[in-house]
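Peer 1: just a sequence and a predicted model for now, questions to come.
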Amino acid sequence: MSPEQAQVGGQVGGSCTSGPGTVPLPELPEGHQGRPVTLTDSAARHVTRFLARRGKGVGVRLGVKTTGCSGLAYKIEFADEIAPEDVIFEDQGVKVLVDPKSLPYIDGTELDFVREGLNEGFRFNNPNERDRCGCGESFRV
């Protein structure tokens, strides 16, 4: 895996994805809390080290796309610039950029970076998740 690819929950790719995520996001019920997206110490250290090694970047961009057997999947990438529509959080010196359409689905999420055996990757601790597919590739709110 190249450093540009972000691994989520120990999974790269997956067998239950149903497409590239071009379908519009489903409507979310009213009542999301507007809580910040945060990083654990481990995630902040990983992002900071990786941005320094890359020699460029302003932070990490998080979002969701429609795909998989449960409906939504996380997107994560290192961001080189801030888009005008981005919602920006800063935690432990790291900028977290979220597109406004994804924000209700990841509102209050904590991004962690974990190592389990030979696997390492980002894990989303999302209080809005109600269900996750068996392979861990997608989720539902």
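Peer 2: Received it, and whenever you're ready, just let me know what you need.
Peer 1: among the helices and strands of the chain, which one scores worst on average pLDDT?
Peer 2: Using mean pLDDT, DSSP states H and E, strand 139-140 stands out as the lowest-scoring helix or strand of the chain, at a mean of 64.
Peer 1: where along the chain do the strands fall?
Peer 2: Ranges of strands within the chain are 38-39, 59-67, 71-79, 87-91, 94-98, 110-116, 119-125, 131-132, 139-140, based on DSSP state E.
Peer 1: list the helices and strands the fifth one packs on?
Peer 2: Other elements packing on strand 94-98 under the criterion 3 or more Cβ pairs under 8 Å, 6 or more residues apart in numbering; DSSP states H and E are strand 38-39, helix 41-54, strand 59-67, strand 87-91. All C-beta spots, glycine's among them, are computed from the backbone N, C-alpha and C.
Peer 1: rewinding a little: make CSV out of the strands of the chain and add mean neighbour count and distance to Arg45.
Peer 2: As requested, the strands of the chain are exported to CSV (neighbours: other Cβ atoms under 10 Å; distance: least, Cβ to Cβ, whole Å):
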stretch, mean neighbour count, distance to Arg45
strand 38-39, 22, 9
strand 59-67, 22, 13
strand 71-79, 19, 15
strand 87-91, 15, 12
strand 94-98, 22, 9
strand 110-116, 17, 8
strand 119-125, 17, 12
strand 131-132, 13, 26
strand 139-140, 19, 25
